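>>> Below: sequence and its predicted model.
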Amino acid sequence: MSRLYGLALASVAQAAFLLPACAQAQVAPSPADSTQPGPQAATEPTDPGNDIVVTANRQGAQSLIAVPLAIQAFSGEQLETRGIRDTTDLVGAIPGASSGEQVGSVIKTFTLRGVGAAGGVGDSPIGYYIDGVPFAIPNLPLAPPLRFVDIDRVEVLRGPQGTLYGQGSAGGTIIYHTRDPNLEKIEFRGEASIGKMDDASDVNYGASGALSLPIVKGKLAVRISGGYDMRAGYVDVYSATPSTGPRVAKDANDITNRDIRAVVLWRPSDALTVRAQVAHWEPRQDYTQSLRVLDPPQIWNTGGVKGYESGNFDLYSLTAEYDAGFAVLSNSSSILDGKFGYLAGQDFGVLGTGTLFNGYDAHSFAQEVQLRSKTSGPFHWLVGGFYQNAKGIFAFDAKLTALAVSGFNDTRTENYSAFGEVSYDLFGGKVVPLFGVRYFKDDRSFVADSILTGSGSGETKPHKVTWRANISFFPVSNVTAFATVSTGFRSGITQTPFQASLVQLSGIPAATSLDPDTLTNYEVGLKARLAGGALELGLNVYHMDFKDLQFGLTPFGVAAFANIGSAKTTGVDAEIRWRTPLRGLNLSAVANWNDSKFGNVNPAVTASLPNIATDRRLSNTAGYNYRIDADYNHSIGKDLKLFWNASAARTGSRVMYDGYLVRAYSLYNASIGVRHRGWEISLFGENLADERGPSFVRNSLLFAGPFPRTIGLRLRTSIN
């Protein structure tokens, strides 16, 4: 794969020199350019250039303001302007979202409205889709290692989405759309950057590119994209402590990412579109992002072990869509293979110092079929089916002062779901009631073994009906209101007998297979576009009830899990976008406030961990977050434009399950540059206040935080 990666990048770079002479044709409209008829037609934007067309509602392409869901969308241009380069950056722009478990650059999880805050193991409570296919690993809620090199748009749905998407998503769904090949003409996009980060001796650098070539004009095209970047290390490593042991490495935690993607788009007729994709990602970090001290950044008690975190992911997908006139039939098939893990030599608290290796080997085949209505009448419907056959093998090897243990957990799942929604336009589309339902059946088994506690196995066959009831109101043009009740469900975590025994030694009931957890979401929302489209507002108020909450604990320094009881959260999301009277200046902001608490907690859990108790703050859940963005474009000469953008984001304090208080922190980013036709150069700054965090804490011993302040230059080009 590395040879393929190098050859493809070379071909992309060489082709760039041929493009000015070749790129003459005009862009053909995308199928998403035509919005489905219905009540949404009255809410088309006054200025379409400021609106994003989305497909997350699975009712055809729609204006964002017309979708009666708690939804955000970011175009590829917005992501570039705001310096959002991956999911970690994206989370800071989503109301109610924050970082969850983080080992390093590969193993990352996130929380949304408190869902996912319970720990970094189990099926993902957030659904991730890449170009219509799921990125899902059983028993691990890993976010995809995407860098936003060639992204067309990202859509974020908050709240349960099981009646729209086969992959159950109790907390919400993040949908990534990469750019399609252009059927009409040659395109090239490229980017290169260099920067200097505080505390790092070396520089950060990266390059990426995307080349689109029509093979049969209007019918068949291919797009190849890829990139490589290196973030210089800035952490010093000591064999013991800085005061007692020698420094064994300086600026040691280098991070590299490389990826390549090839897409073939075939449109033999206006009715049929077929898309095949192969994507490969290789993230790697020396040592991990779990530090003993954030400022100055240090790791110690490594025992002379050079730690690492690495990943190797491949995604193969084939999607097809056929417009039959009365309905649209969609089909997607995908294979996901992933090998990833980490090795750390550190102090693990009461277990002493030593090394810990965690390795994962995951494979998933997923198939989803969907048929949705396409008529101008008042009745709309959608039906679908989903199948997944997957495995996730987790292996561990710990050699610590007080303990030496190794083992594995091999989890297999074969799950099915059937889902659908129906709606009907009343009063000429002013009022639209909707009801959706999903049936889920999971045949799950596991085999686990460890030296201390021996082998174990088991199976669980959870099945569940979840549903969504929604009523939407379109009282006037450019105003959408809705009220919804929806339910979510997640299969139970499986763990080794060793992990379960550690929980039991803490006095907490535990098993190798946990019960599923469920939630119910109650929500009302309002969206409006005012002042001729210059001002957009959004407000959502929600309440969620959790039952049989699966929760991540760390007894004796080892991750383990138990059902602990119930929880509840009440919150408000707010969004605003203003195209100001000053031409070229746009302001936007998002914010969340929530009151998230444990409900009825098992008394044995509270006896062992006093911070997990009825009416205490839900662990690892920020009470608020917000982000403010400003961007400006102004012509300063013929074909020359000045631009700048700035953002300020803040995440409120969180309490970890062991009582550690993660204080609130803020991040400030900015850039300024000039554009000339298809070229752009800018000066950028990330984390300008040099905030160190932490953003996540494990065992009150290991800390993860934002990267130090970085200043750099970025060059971009787009030729077509």
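That came through, no problem.
>>> Got the confidence number for the residue lying closest to residue 661 once chain neighbours are set aside?
Nearest residue to residue 661, sequence neighbours excluded (C-beta to C-beta, 6 or more residues apart in numbering): residue 655, at 5.7 Å. Heads up, the C-betas are built off the backbone N, CA and C, glycines and all. Turning to residue 655, the model gives it a pLDDT of 90.
>>> ok, so what distance separates residue 655 from residue 697?
10 Å (C-beta to C-beta, to the nearest Å).
>>> what touches both of these two?
residue 662 (C-beta atoms under 8 Å, 6 or more residues apart in numbering).
>>> can you list the weak-confidence ranges in the protein?
Across the chain, residues meeting the criterion (pLDDT under 70) sit at 1-51, 117-120, 166, 168, 349-351, 452-453, 555-558.
>>> follow-up on the earlier one: the residue nearest to residue 661: what's it in contact with?
611, 616, 617, 619, 620, 661, 662.
>>> From the residues you listed, keep the buried residues only.
Buried subset of the contacts of residue 655 (neighbour count, 16 or more other C-beta atoms under 10 Å): 616, 617, 619, 620, 662.
>>> now, which of the residues you listed lie within strands?
Secondary structure defined by DSSP state E assigns residue 662 of the buried ones among the contacts of residue 655 to strands.
>>> how about the buried ones among the contacts of residue 655 in TSV, adding distance to residue 200?
Shown next, in TSV, are the buried ones among the contacts of residue 655 (distance: C-beta to C-beta, whole Å):
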residue	distance to residue 200
616	39
617	36
619	33
620	29
662	24
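>>> Among the buried ones among the contacts of residue 655, which one lies nearest to residue 161?
residue 620 (22.4 Å; C-beta to C-beta).
>>> Residue 469 pairs with what?
Following DSSP bridges, residue 469 is listed with bridge partners residue 435, residue 485.
>>> With residue 676 as the reference, measure out to it.
53 Å.
>>> Check residue 255 too.
Distance from residue 255 to residue 676, by C-beta to C-beta: 32 Å.
>>> Likewise for residue 427?
For residue 427, the distance to residue 676 - C-beta to C-beta - is 52 Å.
>>> Same check on residue 526?
Taking C-beta to C-beta, one finds residue 526 at 42 Å from residue 676.
>>> swap in residue 292?
48 Å.
>>> The nearest residue to residue 352 once chain neighbours are set aside: how many residues sit nearby?
Leaving aside its chain neighbours, residue 352 sits nearest to residue 401 (2.6 Å; criterion: C-beta to C-beta, 6+ apart). Neighbourhood size, residue 401 [other C-beta atoms under 10 Å]: 13.
>>> With residue 268 instead?
Residue 268: 11 neighbours (other C-beta under 10 Å).
>>> residues in contact with it?
Residue 268 is in contact with 219, 274, counting by C-beta under 8 Å, 6+ apart.
>>> looking at this, residue 604 is in a strand?
No. Judged by DSSP: H, G, I helix; E, B strand; the rest coil, residue 604 forms no part of a strand; its state is helix.
>>> Residue 447 against residue 410, yeah?
Yes. Residue 447 lies in contact with residue 410 (C-beta atoms under 8 Å); the separation is 4.8 Å.
>>> Residue 292 and residue 676: who's more crowded?
residue 292 (20 against 12).
>>> ok, the more buried one to residue 619 distance?
22 Å.
>>> again, but for residue 530
Applying C-beta to C-beta to residue 530 and residue 619 gives a distance of 40 Å.
>>> ok, and the closest non-adjacent residue to residue 157?
Once flanking residues are discounted, residue 157 sits nearest to residue 173: 4.6 Å by C-beta to C-beta, 6+ apart.
>>> does that neighbour really touch residue 165, like I thought?
Yes. Under the criterion of C-beta under 8 Å, residue 173 makes contact with residue 165 at 5.7 Å.
>>> shared neighbours of those two, anything?
127, 129.
>>> list the contacts for residue 324?
271, 374.
>>> what's the span of stretch 644-657, first residue to last?
41 Å (C-alpha to C-alpha, to the nearest Å).
>>> actually stretch 673-689, sorry about that
Termini of stretch 673-689 sit 21 Å apart (C-alpha to C-alpha).
>>> Now that stretch: buried residues?
Result for stretch 673-689 [16+ other C-beta under 10 Å]: buried residues 673, 675, 678, 680, 682, 684, 685, 686, 687, 688.
>>> Save these as TSV, and put in secondary structure and distance to residue 150 too.
Shown next, in TSV, are those (DSSP: H, G, I helix; E, B strand; the rest coil; distance: C-beta to C-beta, whole Å):
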residue	secondary structure	distance to residue 150
673	strand	20
675	strand	19
678	coil	16
680	strand	16
682	strand	19
684	strand	19
685	strand	24
686	strand	21
687	coil	25
688	coil	27
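>>> can you pull out the helices in the chain?
Using DSSP state H, the helices assigned to the chain run over residues 2-15, 19-22, 76-81, 87-91, 497-505, 603-608.
>>> is it true that residue 631 touches residue 580?
No. Taking contacts as C-beta under 8 Å, residue 631 lies outside contact range of residue 580: 10.7 Å.
>>> anything in contact with each of those two?
residue 586.
>>> The two - which one has more neighbours?
Applying other C-beta under 10 Å to residue 631 and residue 580 shows that residue 631 carries more neighbours, namely 18 against 13.
>>> Could you pull up the residues touching residue 622?
98, 651, 652, 653, 654, 664.
>>> For the third one, which phi and psi angles does the backbone take?
If I follow you right, that is residue 652. Backbone torsions of residue 652, given as degrees, to the nearest 10, read phi -70, psi 170.
>>> again with the fourth one
According to degrees, to the nearest 10, the main-chain angles of residue 653 amount to phi -70, psi 160.
>>> That one touches residue 660, doesn't it?
No. Contact criterion C-beta under 8 Å: residue 653 and residue 660 do not qualify, at 10.8 Å.
>>> Which strand residues bridge residue 442?
Applying DSSP bridges, one finds that residue 442 bridges with residue 415.
>>> now the contacts of residue 622 in JSON lines, with distance to residue 312 and neighbour count?
Formatted as JSON lines, the contacts of residue 622 follow (distance: C-beta to C-beta, whole Å; neighbours: other C-beta atoms under 10 Å):
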{"residue": "98", "distance to residue 312": "28", "neighbour count": "24"}
{"residue": "651", "distance to residue 312": "31", "neighbour count": "25"}
{"residue": "652", "distance to residue 312": "36", "neighbour count": "18"}
{"residue": "653", "distance to residue 312": "36", "neighbour count": "13"}
{"residue": "654", "distance to residue 312": "32", "neighbour count": "26"}
{"residue": "664", "distance to residue 312": "36", "neighbour count": "14"}
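>>> tell me which of these is nearest to residue 570?
For these, the residue nearest residue 570 by C-beta to C-beta is residue 652; the value is 15.2 Å.
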